[in-house]
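**Q** Sequence first, predicted model second:
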Amino acid sequence: MSPESTSSEAATQVELTAPAFANLTGIFILAGATSALFGPLLVTFSHHFSVSLATAGETLSVYFVGALFGVLPGWWGLKHSTGRRVLTASLVAVAAGTLASGLAHSWNVFLVSLFVLGLGFGSLDMCLNVLLSRTAEEGRAHRLSFVNAGYGLGAVICPLIIVLAHPRNFPGVFVGIAVVAILLSTFNRGVHAPPLKAEVLQSQISAHRAQRMPILLSFVAAYVFYVALETAASGWMSSQLQRGGFSTSVGSFITAAFWMGMTIGRSLGGPLHRIFNDSKLVLGGLVLAIGLDLSATSNHVALVSYPVLGLILASVFPMGILWYTRLLPHDSDGITIILFAMMAGGVIGPGGVSLLVGHFGVHVIPYAFAGLAVVDLAIFTSILRFQPIELL
């Protein structure tokens, strides 16, 4: 790499103070808590708004449609403004969406509020992962894994709060999340993230179009199906257990255990990466996920297999990002495109399961999860044929 490239990399590298890194972790915790709201509450939404369970499942799709569109303003913001400002604006959108959701009495108003919430989440998810991928290479795997573990921790906490507060009091939980989002928006001063338009090495990557596009499109497809699997599993496992004879509390605890497994797995990402490379962690996790999904056809076995599924899937997302940056270094635009497209998985996965449940009943749920994992494994396996692009 030339001295000019090294200088450009230093100029656009993201730097985080210790309080800022802690705040980013807190934002990931909030994002995880928000995403985990829906699964344990689908039955409650159905009763509260007098809609069918399949219709209640639309909340997941609407939320992720919002997240899909939310990536666009977030990406534009990172291109033309500082990362700190984009984080703050995104948190304000999350606060507005959750507050409106908590106060809504109409099903349609509730869905619109969730769309706004999704906009904020999509921008946050893209912004956080792009910013972390631009930090110093030394320790990057640890930072990505550790902060993403915060997402799992939030997803553990939220179902437990729902159990303690009782599902019928979910509006208060939404309002509480809005307050936390506003508080977090005031602690971003230690984030030093120059606009992405100053990234010179990005143009070098873009020049390798013939090599870049197949890699990028493969990762786009892989992440769409990964997010489809993760969101479908976290969103529908509780309903499967509830309709299988278990209480709402049991469904919430198992959802929390799934995210606890995710948290533990991601916190171990740094040490595991020193033993296994990124591609092995991704592919191995998906192979094991298929077996765990199929074992969950028994509701009693599912009480164990779903929490373990979270543990196994934990490394797929952050290690996949590292795998991409190894093949295409400094490709922030590519990561943004992946994070934008993968939000479609949040629509495809839960939405597809909703359709299957409407036609075949809840017994189809674990088979749907396994099918998503099989497709994702096939796509990630195809990426093994690519070699890293070398920059001058």
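**A** Everything's here; your move.
**Q** Could you use CA atoms for every contact and neighbour count after this?
**A** Noted.
**Q** show me what contacts the closest residue to residue 305 other than its chain neighbours?
**A** In space, and not counting its chain neighbours, residue 305 is closest to residue 292: 5.5 Å by Cα to Cα, 6 or more residues apart in numbering. Taking Cα atoms under 8 Å, 6 or more residues apart in numbering, we find residue 292 in contact with 305-306, 308-309.
**Q** So which of the residues you listed sit within strands?
**A** Judged by DSSP state E, those include no members of strands.
**Q** Could you single out the nearest of the residues you listed to residue 86?
**A** The shortest approach to residue 86 among the contacts of residue 292 belongs to residue 309, at 33.1 Å (Cα to Cα).
**Q** Was I right to think the closest one contacts residue 258?
**A** Yes. Assessed by Cα atoms under 8 Å, residue 309 is found in contact with residue 258 at 6.7 Å.
**Q** For the helix or strand the residue nearest to residue 305 falls within, buried residues please.
**A** Residue 292 belongs to helix 278-295 when assigned by DSSP states H and E. Residues 278-283, 285-287, 289-290, 292-295 are the ones in helix 278-295 that count as buried (16 or more other Cα atoms under 10 Å).
**Q** For that helix, give the mean pLDDT please.
**A** Mean pLDDT, computed over helix 278-295, is 94.
**Q** Could you report the distance from the closest residue in space to residue 93 that isn't next to it in sequence to residue 234?
**A** Spatially, and ignoring its direct neighbours in sequence, residue 93 is nearest to residue 120 (4.8 Å; Cα to Cα, 6+ apart). The gap separating residue 120 from residue 234 is 20 Å, by Cα to Cα, to the nearest Å.
**Q** Now do the helix or strand harbouring residue 78, average pLDDT.
**A** Using DSSP H and E, residue 78 maps to helix 58-80. Mean per-residue pLDDT for helix 58-80: 85.
**Q** continuing past that helix, what's the next helix or strand?
**A** helix 83-103.
**Q** and the longest helix along the chain, what does it pack onto?
**A** For the chain, the longest helix by residue count, based on DSSP state H, is helix 209-243. Where contact means 3 or more Cα pairs under 8 Å, 6 or more residues apart in numbering; DSSP states H and E, helix 209-243 is packed against helix 38-48, helix 248-267, helix 299-313, helix 316-327, helix 332-360, helix 365-382.
**Q** Give me the buried positions along the fifth one.
**A** Neighbour counts using 16+ other Cα under 10 Å place 332-354, 356-357 of helix 332-360 among the buried residues.
**Q** Need the mean per-residue confidence for that helix.
**A** Helix 332-360 comes out at a mean pLDDT of 83.
**Q** Determine the set of other helices and strands touching that helix.
**A** Helix 332-360 packs on helix 53-56, helix 58-80, helix 107-133, helix 209-243, helix 365-382, going by 3+ Cα pairs under 8 Å, 6+ apart.
**Q** The second one now?
**A** In terms of contact count using 3+ Cα pairs under 8 Å, 6+ apart, helix 248-267 is assigned the packing partners helix 38-48, helix 140-165, helix 209-243, helix 299-313.
**Q** Give me the buried stretch members for the helix or strand just after it, please.
**A** Per DSSP H and E, helix 248-267 leads on to helix 269-275 as the next helix or strand towards the C-terminus. Buried residues in helix 269-275, counted by 16+ other Cα under 10 Å: 269-270, 272-273.
**Q** For helix 269-275, which outside residues touch it?
**A** Residues outside helix 269-275 that contact it (Cα under 8 Å, 6+ apart): 141-142, 145-146, 281, 315, 319.
**Q** Stretch 312-328 too?
**A** For stretch 312-328, the external contacting residues (Cα under 8 Å, 6+ apart) are 133, 141, 144-145, 148, 205, 212, 219, 223, 226, 230, 261-266, 269, 278-279, 281-283, 285-286, 288-289, 331, 335, 386-389.
**Q** got it, and stretch 59-73?
**A** 38, 111, 114-126, 235, 336, 339-344, 346-348, 350-351.
**Q** go again using 6 Å as the cut-off
**A** 114-115, 118-119, 121-123, 340, 343, 346-347, 351 (Cα atoms under 6 Å, 6 or more residues apart in numbering).
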